[in-house]
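**Student:** okay, structure incoming, though there's no sequence with it:
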């Protein structure tokens, strides 16, 4: 993930966290270094450091950055988004899905 991406993710979370957009950043590397970077960028959502290439091998995706849209049922709802702009578009799609599912009047379920 490039240096700019954690900041973009943090801003997205601050703007839409109340809209039930949940982010989890998965980043290889040492836990302490990941904590330091999370603090540097103001990240308030979980940062997970998988064991080496375990997660990449599970999904067969070695690109960076990559994102998945996970539905409320916990299943992957769409193919992986690869690249920062595609990831932000995927987040927008997730927000739009959430808004369509909200009851009339804008109340959140």
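**Tutor:** The structure has been received and is ready for your questions. None of the values given here were measured: they were computed from a predicted structure.

**Student:** which stretches in the protein count as strands?
**Tutor:** 25-26, 47-48, 66-67, 81-82 (DSSP state E).

**Student:** which one of those lies nearest to residue 55?
**Tutor:** With C-beta to C-beta, the closest approach to residue 55 among these belongs to strand 25-26: 6.2 Å. No exception for glycine: its C-beta is placed from N, CA and C like everyone else's.

**Student:** what sits up against that closest one?
**Tutor:** By C-beta atoms under 8 Å, 6 or more residues apart in numbering, the residues outside strand 25-26 that reach it are 1, 6, 9, 38, 43, 45-50, 55.

**Student:** can we see that at 7 Å?
**Tutor:** 6, 9, 43, 45, 47-48, 50, 55 (C-beta atoms under 7 Å, 6 or more residues apart in numbering).

**Student:** likewise stretch 78-94?
**Tutor:** Outside stretch 78-94, the residues touching it (C-beta under 7 Å, 6+ apart) are 5, 8, 12, 21, 61, 63, 65-69.

**Student:** centre of the chain versus that stretch, how much separation?
**Tutor:** 9 Å (C-alpha atoms, centre = their mean, to the nearest Å).
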